[in-house]
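Asker: pasting the sequence and the predicted coordinates here, then a few questions.
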Amino acid sequence: QRHSSTDAMPPAVAQRPNARVPLNDFENLAVGAFGGIVETCVQMPLITFKICVQDGRALPTSVGGWYRGVVANASSLAPITAAQVAVNGVLERALTNGTRALTDVEQIGVAMGAGALSASLYSPVDLTVIQQGKMKLGPGATISAVVRDGGLAKMWRGTMSCAARESIYTAGYLGLGPVLTSKIKAAKPELGDLTASVLGSSAAGTMAALMTHPIDTAKTCMQSDLAGVKYTSATQAIGEVYKQGGIRALYQGGAARTVRICGAFFIVGNIREFATTYKNEHLL
């Protein structure tokens, strides 16, 4: 005979009548990987546009040009997003011991930590995509060229600025986005789940984009200039870009990146929410 949902829940969760069983580590990995692939494939033209504008590069003139690097980006971003979602789950369990739900502040803080830890994986991916666009090579050939000319450590150029960016970014899509969506649903239930999700994702995505874009611009400049001839550090890159073009230069490509981030928050957040809901309603 099939057990009830309450029987399948961990005791600490079963004692909370409104609580849902969270995704386990494997489920978080799968959801993060799938969400990362979908988000990247849907939004690759925005990523290309942002990189070209930030790096002062001509825009592609073909569909293939707009999607150059999509395989490297999607295949590499999948494990990164998976790691962010999975580490977020691990940190959540470590903080609550499975006995309570996270507070809003804790949810945002846990997500921020997961994002910062992912930078060691994400920074080489960003560098590969940026250099692939410049070198017009495949992912493997690009990595080989970078390592040949600058050594293996060169693949992690810009990692600190990537950590700063990803901590805020992940705090947005795993923390602030869900928090805002929940508050919108509670305050305006007549809007419906989809509208609340769009509004919550857009608000969180816009905030994250505004906070991180100067950091992202500095990181892009550093990773484009592998030899460090023009940009020696992220702080120096920000100063140099500001000196050349003011605040507008720091936000070059900001509109495309903001749209991309809002879309990413919506896509990954809803995939995760769907998986959690499906598990609790059909698999327990």
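Answerer: Structure's in. What do you need?

Asker: could I get the buried residue list for the helix or strand where I215 lies?
Answerer: I215 is part of helix 193-224 when elements are defined by DSSP states H and E. For helix 193-224, burial by neighbour count (16 or more other C-beta atoms under 10 Å) applies to 196-209, 212-224. (C-beta placed from N, C-alpha, C; glycine too.)

Asker: mean confidence for that helix?
Answerer: Average pLDDT, helix 193-224: 93.

Asker: helices of this protein, start to end?
Answerer: Per DSSP state H, the chain carries helices over the ranges 5-8, 11-14, 25-55, 63-66, 70-96, 104-117, 119-135, 139-150, 159-171, 177-187, 193-224, 234-250, 254-282.

Asker: could you single out the most deeply buried of those?
Answerer: Compared across the helices of the chain, helix 159-171 shows the largest average neighbour count, a mean of 24 (mean count of other C-beta atoms under 10 Å).

Asker: just want the angle from that helix to helix 70-96.
Answerer: Taking axes from the mean of the first three to the mean of the last three C-alpha atoms, to 10 degrees, one finds that helix 159-171 is oriented at 70 degrees with respect to helix 70-96.

Asker: put the alpha carbons of helix 159-171 into PDB.
Answerer: Output of helix 159-171 as PDB, limited to C-alpha atoms (Å, rounded to 0.1, in the frame of the first residue of the first chain):
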ATOM      1  CA  THR A 159      38.200  34.800 -10.400                       C
ATOM      2  CA  MET A 160      37.800  37.200  -7.500                       C
ATOM      3  CA  SER A 161      35.600  39.600  -9.500                       C
ATOM      4  CA  CYS A 162      33.600  36.500 -10.700                       C
ATOM      5  CA  ALA A 163      33.100  35.400  -7.100                       C
ATOM      6  CA  ALA A 164      31.700  38.900  -6.200                       C
ATOM      7  CA  ARG A 165      29.400  38.800  -9.200                       C
ATOM      8  CA  GLU A 166      28.200  35.300  -8.600                       C
ATOM      9  CA  SER A 167      27.500  35.800  -4.900                       C
ATOM     10  CA  ILE A 168      25.100  38.600  -5.700                       C
ATOM     11  CA  TYR A 169      23.700  36.800  -8.800                       C
ATOM     12  CA  THR A 170      23.000  33.600  -6.900                       C
ATOM     13  CA  ALA A 171      21.600  35.500  -4.000                       C
END
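
Asker: I am finished for the moment; much appreciated.
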